[in-house]
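Asks: requesting a structural model of the entry that follows:
(2 chains)
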Amino acid sequence: VHTQNHGLEYDGCNFFRQRLVLSTLSGKRVRIKNIRSKEDDPGLRDFEASFIRLLDKVTNGSRIEINQTGTVLFYQPGLLYGGAVEHDCNPQRSIGYYLEALLMLAPFMKTALKATLRGVTNDPIDPTVDLLKTTALPLMKKFGIDGAGFDLKVVKRGMAPGGGGEVLVTCPVRRTIKPVQLRDPGKIKRIRGVAYSVRVSPQMANRIVDSARSVLNQFLPDIYIYTDHMKGANSGKSPGFGLTLVAETLNGCFLSAEMSSTPQGQGDPVLPEDLGRNCAKLLLEEIYRGGCVDSSNQSLALLLMTLGQQDVSKVLLGPLSPYTIEFLRHIRDFFQIMFKIEVQKPLEDERKGGDKVLMTCVGVGYSNINKTLK
Amino acid sequence: MLSLCLCPMVVKMDGKVKKQQKRHQQKHSGPKAEKKKLKKQEGSNEEDERKRNPKAFAVQSAVRMAKTFHRAQDIKAKKHHIPLVDRTPLEPPPVVIVVVGPPKVGKSTLIRCLIKNFTRQKLGDICGPVTIVSGKKRRLTFIECNNDINTMIDLAKVADLVLMLIDASFGFEMETFEFLNICQVHGFPRIMGVLTHLDAFKNNKTQRKTKKNLKHRFWTEVYQGAKLFYLSGMVYGEYQTQEVKNLGRFISVMKFRPLVWQTSHPYVLADRMEDLTDPEKVRTDPKCDRTVSLYGYLRGTYLKNKGQVHIPGVGDFQVSDVNCLPDPCPLPDVQKKRGLNEKERLLYAPMAGVGGVVYDKDAVYIDLPASHVKQQEEEVRPTTELVQSLIDTHATLDAKMAASKVSLFSGSATLDSTDVNEQNGEEEGLHEQRVWDPKIQRERRKVVFTEEKEDDDNSGSSDEDDDSEEVEESGGEEEQEVDENPDEDALSTFLKEARSQCNEKERGGAPPVKKQKLEEEIAEVPVFADSDDELEKSEEEEEEEDTGRAGDSGHCSEEEEEEDEEDSDEESGEESEGKDDEAAESEEEEEEEEEEMEEDGALCWKEGLQQKASEAFLRQQQAAPNLRKMVYGSVVAADDSEEEEEEELGGLFRVSRPQKSKKTQANALDCSHFKADLSHNWDLEEMLNSIRDCFVTGKWEEGQDAATLLKEDEELYGDFEDLETGQVHKSHSGRQDEGEQNSENDEDDDAEETQVKVEDEEVQKNKRLEKKRRLKERFDSEYDDGEATYFDDLKEEMQKQAELNRAEFEDMDDETRVQYEGYRPGMYVRIEVPSVPCEFVSNFDPHYPVILGGLGSSEGNVGYLQMRLKKHRWHDRILKTRDPLILSLGWRRFQTIPLYHIEDHNGRHRLLKYTPQHMHCGASIWGPITPQGTGFLAVQSVTGTKTNFRIAATGVVLDLDKSVTIVKKLKLVGYPYKIFKNTCFIKGMFNTVLEVAKFEGASIRTVSGVRGQIKKALSTPAGAYRATFEDRLLMSDIVFLRSWYPVVVPQLYNPVTSLLLPVGQKDSWAGMRTVGQLKHDLGIRNKPNTDSLYKPVVRTQRRFNPLHIPKELQKALPFKSKPKQQQSRGKTPRDLQRPGVIREPHERKVIALLQALSTINNYKKKKAHTVQHSKHKEFLQQKTKQEEAKSKRQKELRKKLYRAMDQKDQKRSRSSLKGAPQES
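Replies: Take a look at the predicted model:
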């Protein structure tokens, strides 16, 4: 990290989205050097370029400079504009990759966002759109981003190599974000899920459901896993299936896990039974980690805490993921905000999973400078 | 000086002439007086009006009642303000009191008197802000505002209270109103008027009248009932003591309102400035950029280190360092007494030469007590105390700590205190030290913990121990070296760095890039580096220290459990660190997971799963205490730990790992998925059991357990009667209660059991009380909360948040706290600002305020702003588009070029040439990004007082954007060159086919109003096109196309750098001139367009062609309308010409006679006719007269008749009513 007259400098393409998103929100320009400079195929990949293009679509007046080899990127953020956006996401990464960043920006636009993203909806690498729908949206609602216009709709489903899925995201704009105190997740009252399958036998989904239930039924009777078999034009270009599980607690926190079949022609094929069982175990792992926020949404929660009013916000998280740790560092770089990190150890006789981390911070007092005053 | 005669509103303050009305006279006798007397007497015994006169208070109309109710509710709701979280600091900064007024009105005298009143000290020259302690809980900062509009604008933004001095003998001056308007725009602080020069009035009555007039005018400006203070006269050059005392009392009890801008931005009103630039550099290059440090109380909100600030009058800067200094003017310690003693009445004004530091133009003189002469350029008293403490601590704790060395295994490296004792700086106060920094070639000041000096010595002596982490550490320490020669210090740093580099190379350490990174880290974030050191402490010291100390208690809880031996503890601490780092990496790189596990030795995945699980569990637990370090302990530490580990655990494990450079990590896959821990096997019952309680089916906490809750409920609602069976169920406890009582009655005599009974009774009583309390709570919550409105809920929520905000970091030490929150308002801070223009230092004038205004996250950027603007009604000229204007917006003052526009009904922003006279309009500028809703004001120039009223416009920011959508009207003109029926070929509007293509389908119009449309471009004359119209055009018609052309806002953003001007000329900043000024200055006169000049209109005679009617039409026309074939007949031919008649003389005579006769006859006839006519007229007149008389007569007759009839009718009806038939 190197500060250079009111701009930041980073090395490498990792945490690419974080940097650009935080740069856009903070208004600080950023320069990323040495992007895969030592590799055989140097420079930005197609999916990163696609991400930059998406960022360019939702902003107005941003300046992006990339050198000839694509190893250096300079980004001077403009103002978030929003409105109706259509974007064909590169199928190298799933829509979740783009959507994670877009959700961070969406409440701070000038006009309410209505984005149509096309590409891969489900793949094993990134959080799928189903997961974001079931976890990220309720999380954002806790920060005061709600209303009728807040929705994520999976119009078409497209599995990994081919894509062909379509997602519609709408998000209202907010001037300020509420501080939150999420200290107690409460007990899990129900588990829901979606078992989806496209271009394979619809029976696959049922097999997934059965195997997942066999694991989870040991804990809770209230389990319902929907089967979602999309056909025809809505089924994308590649075959595949998968499962998203979400556990809802009494206090309205959502923990989730997911698993998708390996993309066609890459790696060993998976049996739906195995997938269901493994996914259920992943959910148990997620519950073991615990906290009020799902492990893949930690950074979103921390960002919204940072951008709150100048009040104390508290969120109980499970163990911090490496991605989140880097995100915390980036928040310090861009907003000069440090979090108070307190580890909460489980008591002797308590059977509530592993260590939890209580994150506390004072918001920067961010207000949406893009929204028009009437 | 301002001349007053220019301003119209000063002259007449109160034009009202009251009409004298007749006074009310009370009756002393008569019935009214009696009645009143009676009423008075009765009124005393019957007090309740409602009771006495119930009818008057009855509901007359439901509608009206509803209306009154609505009204009452409306009034109630109007009083509500949106509840805000109370963020006022516990120990607030001094209140900024700005004393404003035109020159020679007595500002300095007033400040001097107030200071004397509060502190019993006399101050000569009021120069810069003066801070005093005025009471047990209040400090005041006085600052004088001169007549310069720059100063007025700056100070209005930071003022909490404005003392507005008005010369009563003269009346209001423009400055007063200007300042009031500035205040209105930037948030209205408390304003108190002070009338001076009241002794100038000879006549008492005129004085009273003037006072009243001034007061009322002041009220209309500020608010009705605003306080206006009168200072009657001077005694020996000072105001009267009693009056000043009263004013002081007013000030010290005054409450202030939070202003939006001030509460959302940190700011510092600097009361001290020092140049930190290397003198050598200044000598070689006097114009070099300077590094200055500014001191002052932090106000507003939290200030983050390394944030961006704006210094009005200088520019934007990135803060390089912020330190918190001991308060030079502290509030007295909490004591139970009424007033302050003399010692506590402090005065701090470094710029005015009070408080130990005397400010001079080119030097700073420090006045210190004789014992501390060694310390140069130190603060005032509190700092010297600190120095004392610093000296004291050196001899004690540090020496001990440094001496203690521990070796874990024989032959392995000894562990010295350096890596252990970084944390115990909390007890010592922080201290400011001047250190020469060789890297940036300047002197730096550093907050230091006193004991670290010893460590430095240690690290120097330790042989191979200086691994990279320690370098980082020692790098920090180097800066804190106190007494050593700076050069020597620098040398040692370099040596150490070099050595450590060598070591790394030997070990095949990190690539050079990484090293560079490390250095950067040291230079950039010393504060963070310090902070992690602090947290590395193992509990060995913790035991030595007081355990009650605040801190992140979670960090050491694990280690406290295993309190076996100190040595092993320490080792485990070290290990955990290393492992934790490894753990982090392992998680980051799933691919290398296995490899890594093998390295770790213990974590072989092929071994028993149980062991694996427990291992992972342990590892996670160990990771926990250092989580903060792992996150914020800088990336450097994480990298270095690899090397460090090799060294530290050298005796035991030496792992050879493939170089996993930072590069690969930096270019890894960007993914937010948190891969599951493979060591958890969810097939095992044990694992499943570990999360049992996360589900509703699991065990509940004591308080929330269903069984307990049910029992509680039973206690409360247990009693019920089954209505069907008539069976009465009693709650268990109640029954017990009764039983107890019965038994009590039975066994009343048993003496031995009475004791037990009493206790039992006590318990029962308590239980009953508890039950009652709970019932009451339930009742309250049911009924009160039903009453509670949304507003109350909101207020309560805010209250809770405020409490949480206060409590969260309360028990933390300042050093850690500022990292989380930033610097709190109320702290005395020292802010280091690099690369300030040298003029700021060389032309420094302490009479001008230096303000550091903190900027929000993106407020440092520049973009387009759309604002709503209104020309100020007292400014005498309208403003012209593209004339440069100086705006005061946010903290900034800058010159920019606005474009004025107005929104059309369809949302289009149409450019205006001038601002409307009495209306708002839009304005778009290129300027600094400022949050919407921020007010601004505009002046045309900041120099002099040429105009009557300097504030040209005011407004508010509406929208920020990176592009603008202002358009101006553009009419493209073309001429028809060929006209068909409705189709025309038009040329001259465009130049190419392409241009036409762009406008295909556009609507066009002729001047006469015939509408049409562009159809298609023609090939031959370039730019010509075919168009159709609703009617046939004439060749003389002009066709035009109305279009809108986007206008570009000029990108001028020129900050007003008034503080950089030489002393004495600071109010003479001149920016870009307007076109008008330029023309005036250069003597250029406008050459008008010749077409615009008036000239006599010469119209050519128009000739019209004859009307031509087609033959077909002619045929169809009726004869009347048919054109008649009346050709001129031409000359009649000779043969047809009639010959003239020549009469005979006789015939001539006859004819003459006949003519004469007929003439006579005619005349007679005419005469007779006139006579006849007049006669007839007369007759008619007579006739009408007769008619009139007749009708009149008839009317009267009729009237009589009708009256008679009516009377008859009445009689009849009356008689019929009476019942007696009467003959008519």
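Asks: spatially nearest residue to A:V169, not counting backbone neighbours?
Replies: Excluding the flanking residues, the one nearest A:V169 by CB to CB, 6 or more residues apart in numbering or on different chains is A:A115, at 4.7 Å. Yep, even glycine has a C-beta here, placed from its N, CA and C like the rest.
Asks: scratch that, B:S232
Replies: Leaving aside its sequence neighbours, B:S232 sits nearest to B:L198 (CB to CB, 6+ apart; 4.9 Å).
Asks: for that neighbour, grab phi and psi.
Replies: Main-chain torsions, B:L198, degrees, to the nearest 10: phi -80, psi -10.
Asks: coming back round to it: that's a helix at the residue nearest to A:V169, yeah?
Replies: No. Using DSSP: H, G, I helix; E, B strand; the rest coil, the assignment for A:A115 is strand, not a helix.
Asks: number of nearby residues for the residue of the stretch 151-300 of chain B with the smallest separation from chain A?
Replies: Across the stretch 151-300 of chain B, the shortest distance to chain A (CB to the nearest CB) belongs to B:S264, at 5.8 Å. B:S264 has 19 neighbouring residues, counting by other CB atoms under 10 Å in any protein chain shown.
Asks: for the closest residue in space to it that isn't next to it in sequence, helix, strand, or coil?
Replies: Nearest non-adjacent residue to B:S264, counting by CB to CB, 6+ apart: A:G365, 5.8 Å away. When classified by three-state DSSP, A:G365 comes out as coil.
Asks: list the contacts of A:G365.
Replies: Residues in contact with A:G365 (CB atoms under 8 Å, 6 or more residues apart in numbering or on different chains) are A:G308, A:Q309, A:Q310, B:S264, B:T301, B:G856.
Asks: what sits closest to the second one if chain neighbours are left out?
Replies: Spatial nearest neighbour of A:Q309, excluding adjacent residues (CB to CB, 6+ apart): A:G363 at 5.3 Å.
Asks: tally of neighbours for residue 89?
Replies: Reading this off chain A. The local packing of A:C89 (other CB under 10 Å) involves 26 other residues.
Asks: ah, no, chain B please
Replies: Other residues lying near B:P89 total 15 when counted by other CB under 10 Å.
Asks: thought it was touching B:E821?
Replies: No. Assessed by CB atoms under 8 Å, B:P89 is found out of contact with B:E821, at 10.6 Å.
Asks: local confidence estimate at the residue nearest to B:S232?
Replies: You'll see B:L198 listed with a pLDDT of 89.
Asks: contacting residues for it?
Replies: B:A168, B:S169, B:Q207, B:K211, B:Y230, B:L231, B:S232, B:G233.
Asks: give me the phi and psi for A:E166.
Replies: Dihedral angles (degrees, to the nearest 10) for A:E166: phi -150, psi 140.
Asks: and it, what does it touch?
Replies: Here A:E166 is in contact with A:T116, A:L117, A:R118, A:T121, A:V154, A:V155, A:K156, A:G158 (CB under 8 Å, 6+ apart).
Asks: what about the longest helix in chain A?
Replies: Longest helix of chain A, by residue count under DSSP state H: helix A:272-289.
Asks: do that one and chain B meet at all?
Replies: Yes. Counting by CB under 8 Å from any CB of the partner chain, chain B is contacted by helix A:272-289 at A:K281, A:L282, A:L284, A:E285, A:I287, A:Y288, A:R289.
Asks: wait, which of those is closest to B:L710?
Replies: Proximity of the residues of helix A:272-289 next to chain B to B:L710 was ranked by CB to CB; the top entry is A:I287 with 27.2 Å.
Asks: so the closest one sits against A:A247, correct?
Replies: Yes. Using CB under 8 Å, A:I287 is in contact with A:A247, at 6.2 Å.
Asks: who touches both of these two?
Replies: Between them, A:I287 and A:A247 share these contacting residues under CB under 8 Å, 6+ apart: A:I188, A:L255.
Asks: these two: which is more packed in?
Replies: Remark: of A:I287 and A:A247, A:A247 carries more neighbours, 29 against 24, as counted by other CB under 10 Å.
Asks: compute the inter-axis angle for the helix or strand containing that one and helix A:272-289.
Replies: Per DSSP states H and E, A:A247 falls inside strand A:240-249. Here the directions of strand A:240-249 and helix A:272-289 differ by 30 degrees (axes from the mean of the first three to the mean of the last three CA atoms, to 10 degrees).
Asks: show me where the stretch 151-300 of chain A has its strands.
Replies: With DSSP state E, counting those that start in this stretch, the ranges of strands along the stretch 151-300 of chain A come out as A:151-156, A:165-171, A:181-182, A:188-198, A:223-230, A:240-249, A:254-260.
Asks: save those as TSV, and put in mean pLDDT too.
Replies: Formatted as TSV, the strands of the stretch 151-300 of chain A follow (pLDDT from 0 to 100):
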stretch	mean pLDDT
strand A:151-156	94
strand A:165-171	95
strand A:181-182	92
strand A:188-198	93
strand A:223-230	92
strand A:240-249	94
strand A:254-260	93
